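K.L.:
just coords:
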């Protein structure tokens with residue numbers, strides 16, 4: 001899905017631009033995945049598991065750009081990628097066409113600046129206008145800042161996935177399934 005770029009000022013006084021990701025962003029997004037997965041234990045991959053090819057990422061981004069109901073927003077400050085937020089259909093079947101998944105991550109240095117909140121608000125507004133009735137996400141136990149933000153934006157916790165993540169040291173973390181209804 002394509003949108004007109006949106007600009008706002010973050011808590012640090014910087015101008016942030018949100019726009020739809022495009023195939024030309026593929027390398028920056030691959031690099032970003034490697035860094036953010038190393039910065040936090042709250043994402044699905046280990047940094048060395050980011051093996052996406054440039055061609056596959058370009059095709060993936062073009063598919064989202066061509067979609068009528070999916071979007072990947074990227075945030076930029078002075079042209080530098082600071083994070084992204086996406087809305088994706090849960091599936092193509094009619095019985096789940098009312099549901100979308102939400103994903104968001106920012107480089108650690110940009111967390112707590114209000115960027116994630118505006119990205120999520122924008123993505124959720126797009127989801128509502130795309131006729132989704134509910135948005136869903138998973139959040140890893142201990143990610144208290146993210147959970148607080150999701151709750152402020154109307155998400156409620158509906159379930160727990162025990163031992164959802166297993167780390168290199170053998171420890172586990174649960175995740176929580178959260179959902180926001182638009183009705």
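P.N.:
Perfect, I can see it now. No experiment lies behind these values; they were computed from the predicted model shown.
K.L.:
Quick one: list the elements packing against the helix-or-strand element of the chain with minimal mean pLDDT.
P.N.:
The weakest-scoring helix or strand in the chain, judged by mean pLDDT, DSSP states H and E, is helix 26-39 (a mean of 90). Using 3 or more C-beta pairs under 8 Å, 6 or more residues apart in numbering; DSSP states H and E as the contact definition, the elements that helix 26-39 packs against are helix 54-66, strand 80-89. C-betas here are computed from N, CA, C, even on glycine.
K.L.:
give me that answer again for 7 Å
P.N.:
helix 54-66 (3 or more C-beta pairs under 7 Å, 6 or more residues apart in numbering; DSSP states H and E).
K.L.:
Now do the helix it packs on and strand 80-89, the angle between them.
P.N.:
60 degrees (axes from the mean of the first three to the mean of the last three C-alpha atoms, to 10 degrees).
K.L.:
how far does helix 54-66 sit from the chain's center?
P.N.:
16 Å (C-alpha atoms, centre = their mean, to the nearest Å).
K.L.:
Could you pull up the mean pLDDT of that helix?
P.N.:
Averaged over helix 54-66, pLDDT sits at 95.
K.L.:
Which secondary structure elements does it sit against?
P.N.:
helix 26-39, strand 71-77.
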